[in-house]
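*Asks:* no letters, just coordinates:
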């Protein structure tokens, strides 16, 4: 099997970090409207598949989702549907046909509570890590605002202190 396409072992259940990048990391989602549209497509498709989203962030050339899958294999078809539909729509908007927009998605199983909350912090910090904004709260397309509204800024600060990101994602994001 080629190194760039490892097998998927879809019978695992639990929480997963799902990451999908655009083909050649091109910034197809380069404004808030496009990023919001993509998230709404993902949310609708995953809700129909009964896959809850615990955390999310959409950037210009990739997205991360923290989801609960039972089993992991259940997310494959909904993501393929969103990727196909969004590629067709972006190509239509840009007046091109057949352009490849997405590459494969990757998954990482969440091992424990610490890994879960570190992953959540990582999602919310991702736009800052990539230099899009100075502070995570300045990025509109993430679940951070939902957490702030429902749990408060003090809870988020405590979470950041208790579960720091450190080198999380180094080498793969």
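*Replies:* That came through, no problem. For clarity, every value in this text was computed on a predicted model and none was experimentally measured. Numbers count the residues shown, from 1 in each chain.

*Asks:* now do the strands in this protein.
*Replies:* Here the chain has its strands, by DSSP state E, at 14-22, 53-58, 62-69, 102-109.

*Asks:* name the residues that touch the longest one?
*Replies:* Contacts of strand 14-22 from elsewhere in the structure, counted by C-beta atoms under 8 Å, 6 or more residues apart in numbering, are 28-29, 54, 61-70, 72, 75, 79, 83, 101-110, 116, 119, 123, 172-173. C-betas here are computed from N, CA, C, even on glycine.

*Asks:* got it, and the shortest one?
*Replies:* Counting by C-beta under 8 Å, 6+ apart, the neighbours of strand 53-58 from elsewhere in the structure are 15, 29, 35-36, 38-39, 42-43, 46, 63-68, 116, 119-120, 123-124, 126-127, 139, 141-144, 147.

*Asks:* switch to 7 Å and redo it
*Replies:* Residues outside strand 53-58 that contact it (C-beta atoms under 7 Å, 6 or more residues apart in numbering): 29, 35, 38-39, 43, 46, 63-68, 120, 123-124, 126-127, 141-143.

*Asks:* any of those buried? List them.
*Replies:* Buried members of the contacts of strand 53-58, scored by 16 or more other C-beta atoms under 10 Å, are 29, 35, 38-39, 46, 63-67, 120, 123-124, 126-127, 141-143.

*Asks:* so for this structure, the centremost residue is which one?
*Replies:* In the chain, the residue lying closest to the centroid (C-alpha atoms, centre = their mean) is residue 64, at 1.5 Å.

*Asks:* tell me where the longest helix sits in this protein.
*Replies:* helix 76-94 (DSSP state H).

*Asks:* that helix: which residues count as buried?
*Replies:* Buried-residue list, helix 76-94, by 16+ other C-beta under 10 Å: 78-79, 81-83, 86-87, 90-91.

*Asks:* gap between that helix and the chain center?
*Replies:* Helix 76-94 sits 15 Å away from the centroid of its parent chain (C-alpha atoms, centre = their mean, to the nearest Å).
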